[in-house]
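[1] coordinates for the following, if possible.
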Amino acid sequence: MKLRSALVAVAILLGAGSATAQEVYGRVWVAGSGAAKPADGAKVTVTCGAAKDATADQNGSYSVNTSGTGKCAVQVTYGKTSSRILIHVSGARTRANLELRPSSSGWSLARK
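    Numbers count the residues shown, from 1 in each chain. Predicted coordinates:
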């Protein structure tokens, strides 16, 4: 019985360690004819396996917790348009400051 309890405890600890959360955070900016401005209300979706999203605040700041690492897609939806890039997520926190830039097809997204 003690051995079984010990094995269950080890299995729980190993399982908890494999699902550590990764935070992708930063600010979203909108470039235009003047100085870039924060993308207040932009929807930021990070897909590292499962898609998780957040809404940028009045400063353009966002934070998304995901359990994936490696290549991840980041999509920003602002107004009626959206654009997407790939980033590399590693470690507990990955900063991704992003800028929406006008393009012939609407917006393009780049790391700032």
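
[2] residue ranges with poor pLDDT in this structure?
    For the chain, the stretches flagged by pLDDT under 70 are 1-19.

[3] would you mark the buried spots in stretch 103-110?
    By neighbour count on 16 or more other CB atoms under 10 Å, the buried set for stretch 103-110 is 107, 109. Placement of C-beta: from N, CA and C, glycine included.

[4] need the residues that contact that stretch.
    With contacts defined as CB atoms under 8 Å, 6 or more residues apart in numbering, stretch 103-110 is touched by 74-76, 78, 81-85, 98-102.

[5] what's the farthest-apart pair in the residues you listed?
    74 and 102 (18.9 Å; CB to CB).

[6] mind listing what's buried in the helix or strand hosting residue 100?
    Using DSSP states H and E, residue 100 falls within strand 98-103. Within strand 98-103, the residues scored as buried using 16+ other CB under 10 Å are 98-100.

[7] now the element after it, going C-ward?
    Following strand 98-103 in sequence, per DSSP H and E, is strand 106-111.

[8] can you give me the strands in this structure?
    Taking DSSP state E to define them, one finds strands in the chain at 22-30, 37-38, 43-48, 50-55, 61-66, 70-78, 81-89, 93-95, 98-103, 106-111.

[9] so who does residue 42 touch?
    Residue 42 makes contacts with 28, 55-56, 60, 62, 76-78, 100, as judged by CB under 8 Å, 6+ apart.

[10] quick one: those residues as a markdown table, columns for distance to residue 111 too.
    Below are these laid out as a markdown table (distance: CB to CB, whole Å):
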| residue | distance to residue 111 |
| --- | --- |
| 28 | 11 |
| 55 | 20 |
| 56 | 15 |
| 60 | 14 |
| 62 | 14 |
| 76 | 12 |
| 77 | 17 |
| 78 | 16 |
| 100 | 12 |
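
[11] and for the residue lying closest to residue 90 once chain neighbours are set aside, the neighbour number?
    Leaving aside its sequence neighbours, residue 90 sits nearest to residue 69 (CB to CB, 6 or more residues apart in numbering; 5.7 Å). Per other CB atoms under 10 Å, the neighbour tally for residue 69 reads 15.

[12] looking at it, residue 86 is touching residue 70, isn't it?
    No: counting by CB atoms under 8 Å, residue 70 is not a contact partner of residue 86; they are 10.0 Å apart.
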